[in-house]
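Asks: sequence first, then the predicted structure, then my questions.
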2 protein chains.
Amino acid sequence: MSGRPPDADSSGPVDPTDVDADQALVRGEDPPSRREPLSRERIVDSAVDYIDAHGLPSLTMRRLGQELGVEAMALYRYVPGREDLLDAVAGSVINEMEHDDEVVDQPHDGWQDFLQRLAHGVRRVALRHPKVFPLVASRPPEAPWLRPPLRSLDWVETFLAGLHAAGFSDRAAVSAYRSFTGFLLGHLLLEVANLGADLGPLDVIEDAEEPSPRELSAGYTHVARLRGMLSEDHAAEEFEEALEELLDRIALMLQLDARADEGPASP
Amino acid sequence: MSGRPPDADSSGPVDPTDVDADQALVRGEDPPSRREPLSRERIVDSAVDYIDAHGLPSLTMRRLGQELGVEAMALYRYVPGREDLLDAVAGSVINEMEHDDEVVDQPHDGWQDFLQRLAHGVRRVALRHPKVFPLVASRPPEAPWLRPPLRSLDWVETFLAGLHAAGFSDRAAVSAYRSFTGFLLGHLLLEVANLGADLGPLDVIEDAEEPSPRELSAGYTHVARLRGMLSEDHAAEEFEEALEELLDRIALMLQLDARADEGPASP
DNA sequence: ACCTGAACACCGTTCAAGT
DNA sequence: ACCTGAACACCGTTCAAGT
């Protein structure tokens, strides 16, 4: 079965004297007067849903229009084009963290807790939208001082303000921002890739491509032997461990930074 | 200027009695008999060059055919389709490391040196092909036990065999493989993204999208203040530092692993 | 004000036909 | 054996026209 949505017209005869509106009613669509009007937000949300369900390559302006009960051309009143829509999609999912109660705006229990919550918030977004996350990860951000996956002004501000309030120097906060984003990007992209994220619906995969055991044992002795171990999914524990280590490293950097601030004349 | 290649026919009158071959000669093309035959390798190499030059979105089967002096349909004798071609492209650039003399097959100076060389080899690939690297990073690998960016059986085997030879236990080698890939993916993807990697030719960017300073100062006080510092490019040093830290972590893990092997009955 | 029809310049891919 | 022409079912996007 392909990703194409089923054609609702194909089941049963339709009186050809019906006017368009009546045919629409037969098909179960709301008449134009009753359906809520299009808006940029509704379009972006619908695009997120569509990618979650069918994968990025399946999202076309025409199919998205169909999803919204509208012709593709109508979308262009609210969105400049497909590329901008994808940017908006990436921004939208990362901003879902705004409604995540575990994620806080201000450190109230130390910066480590603050960053822990933030990291887990991003991870929840990635796992909720595994097919959208590669977009968050690899679309070029709108400014060189935004780095994926924290690719919105709001969250970078929250990050920096939080660390500032926790006593970080500017230098230390920026340094932490860099290592934090690198950490999130690597771990979460691997995690969603392992989920088979990139491609569309799973119907194409057919997992028939795996190298045969015969092929493997010829030369790839280590891979063959460790196959099982390599396939084990330890994403969650790995994430926790690596996050702890990252926080330790930041704490260390913080000490060095503070010492440098006291003045370079110390023993 | 768009990415579309210029039409060579458009400059000057052409005698309509010329046969196709002569017109081809006028255009400076080799006659079919003289040009070297198509091959999967030539197609993949050409695709890499094309993406390097014009970006992934600009690569179409038709334009790639044109680049090779052939109609698009001819490509399908050597490549099953566009998606498979992109997989081959990702595999091809990562395998460029085969010809990188700094990268070694066997650890001859300790595993740390071995991993240092491997990491820098992958980084050189990423910097040589910044527009291809997102493909290496986010295409789902052909088996669940291959993780980007080390997405080829050959390199995973080299990695595992190398650490094995250096005395790593299976468990330790697999654990190192996981953290190594996570590290590379995060850092290199950020680095190429910062280079403006994803999109096509630079002619579309026009850097007109940056939020205005006025907009910034309203609410985004920390981002505004740290703008300059955030834009600084420390990719190279960051990579070295983070790599050192990763190797330290692996060394630590190695000790714990060895101790666990001696038997859990130790004091 | 909001949406659609028709059109344009593209796509990927198949397959019978040419050399 | 290797490539092409013609065709099919799609794309994104524009714009005049409809309600």
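Replies: That came through, no problem.

Asks: now do the domain split for chain A, please.
Replies: A:104-232, A:233-267 (automatic domain parsing).

Asks: residue numbers of chain A in contact with DNA strand D?
Replies: Residues of chain A lying near DNA strand D by CB under 7 Å from any atom of the strand: A:4, A:59-63, A:72-73, A:76, A:81-83. No exception for glycine: its C-beta is placed from N, CA and C like everyone else's.

Asks: which of those residues fall within helices?
Replies: Of those, the ones assigned to helices by DSSP state H are A:61-63, A:72-73, A:82-83.

Asks: ok, which stretches of the stretch 151-267 of chain A are strands?
Replies: Here the stretch 151-267 of chain A has no strands by DSSP state E, counting those that start in this stretch.

Asks: low-scoring stretches of it, by residue?
Replies: Regions of the stretch 151-267 of chain A meeting the criterion pLDDT under 70 cover residues A:197-215, A:263-267.

Asks: same thing but 90
Replies: By pLDDT under 90, the low-scoring segments of the stretch 151-267 of chain A are A:194-219, A:258-267.

Asks: in it, what residue comes closest to chain B?
Replies: Proximity to chain B, evaluated over the stretch 151-267 of chain A using CB to the nearest CB, is greatest for residue A:186 at 2.6 Å.

Asks: quick one, what contacts the closest residue to that residue other than its chain neighbours?
Replies: Spatial nearest neighbour of residue A:186, chain neighbours left out: residue B:186 (2.6 Å); criterion: CB to CB, 6 or more residues apart in numbering or on different chains. Residue B:186 makes contacts with A:181-187, A:189, as judged by CB atoms under 8 Å, 6 or more residues apart in numbering or on different chains.

Asks: poorly predicted segments of the stretch 1-150 of chain A, please.
Replies: The model of the stretch 1-150 of chain A has pLDDT under 90 over residues A:1-37, A:138-145.

Asks: surely residue A:125 is in contact with residue A:99?
Replies: No - assessed by CB atoms under 8 Å, residue A:125 is found out of contact with residue A:99, at 10.7 Å.

Asks: pick out whichever of these two has more residues nearby.
Replies: Neighbours per residue (other CB atoms under 10 Å in any protein chain shown) separate residue A:125 from residue A:99, with residue A:125 holding more: 22 against 7.

Asks: okay, and that one sits in which element?
Replies: Assigned by DSSP states H and E, residue A:125 falls within helix A:111-128.

Asks: is chain B contacted by the following helix or strand past that helix?
Replies: Following helix A:111-128 in sequence order, the next helix or strand is helix A:133-138 (DSSP H and E). Yes - Helix A:133-138 reaches chain B (CB under 8 Å from any CB of the partner chain) through A:134, A:137-138.

Asks: need those in CSV with neighbour count and distance to residue A:115, can you?
Replies: Shown next, in CSV, are the residues of helix A:133-138 next to chain B (neighbours: other CB atoms under 10 Å in any protein chain shown; distance: CB to CB, whole Å):
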residue, neighbour count, distance to residue A:115
A:134, 24, 23
A:137, 28, 19
A:138, 22, 23
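
Asks: looking at those, which is nearest residue A:195?
Replies: Nearest to residue A:195 among the residues of helix A:133-138 next to chain B: residue A:134, at 10.8 Å, using CB to CB.

Asks: hang on, that closest one packs against residue B:135?
Replies: No - between residue A:134 and residue B:135 there is no contact under CB under 8 Å: 10.8 Å.

Asks: so who does the closest residue to residue A:96 other than its chain neighbours touch?
Replies: Leaving aside its sequence neighbours, residue A:96 sits nearest to residue A:125 (CB to CB, 6+ apart; 5.6 Å). Neighbouring residues of residue A:125 by CB under 8 Å, 6+ apart: A:93-94, A:96-97, A:133, A:136.

Asks: out of those, which is most surrounded?
Replies: Comparing these by number of neighbours (other CB under 10 Å), residue A:133 comes first, having 30 neighbours.

Asks: quickly note the distance from that one to DNA strand C.
Replies: Per CB to the nearest atom of the strand, to the nearest Å, residue A:133 is found 24 Å from DNA strand C.

Asks: center of chain A, which residue is that?
Replies: Taking CA atoms, centre = their mean, the centroid of chain A lies closest to residue A:133, which sits 2.6 Å from it.

Asks: test my guess that that residue contacts residue A:189.
Replies: Yes - Residue A:133 is within contact range of residue A:189, at 7.0 Å (criterion: CB under 8 Å).

Asks: what about the helices in the stretch 101-250 of chain A?
Replies: Ranges of helices within the stretch 101-250 of chain A are A:111-128, A:133-138, A:153-165, A:170-194, A:213-217, A:221-231, A:235-262, based on DSSP state H, counting those that start in this stretch.

Asks: mind checking how far the second one is from the chain centre?
Replies: Relative to its chain's centre, helix A:133-138 lies at 6 Å (CA atoms, centre = their mean, to the nearest Å).

Asks: and that helix, what does it pack onto?
Replies: Judged by 3 or more CB pairs under 8 Å, 6 or more residues apart in numbering or on different chains; DSSP states H and E, helix A:133-138 is in contact with helix A:82-94, helix A:111-128, helix A:170-194, helix B:133-138, helix B:170-194.

Asks: tell me which element residue A:66 is part of?
Replies: helix A:61-67.

Asks: for that helix, list the C-alpha coordinates in CSV.
Replies: The C-alpha trace of helix A:61-67 is given here as CSV (Å, rounded to 0.1, in the frame of the first residue of the first chain):
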residue,chain,number,x,y,z
MET,A,61,1.6,21.0,-0.7
ARG,A,62,-1.2,19.2,-2.6
ARG,A,63,-1.6,16.4,-0.1
LEU,A,64,-1.5,18.9,2.8
GLY,A,65,-4.2,20.9,1.2
GLN,A,66,-6.3,17.8,0.8
GLU,A,67,-5.8,17.1,4.5
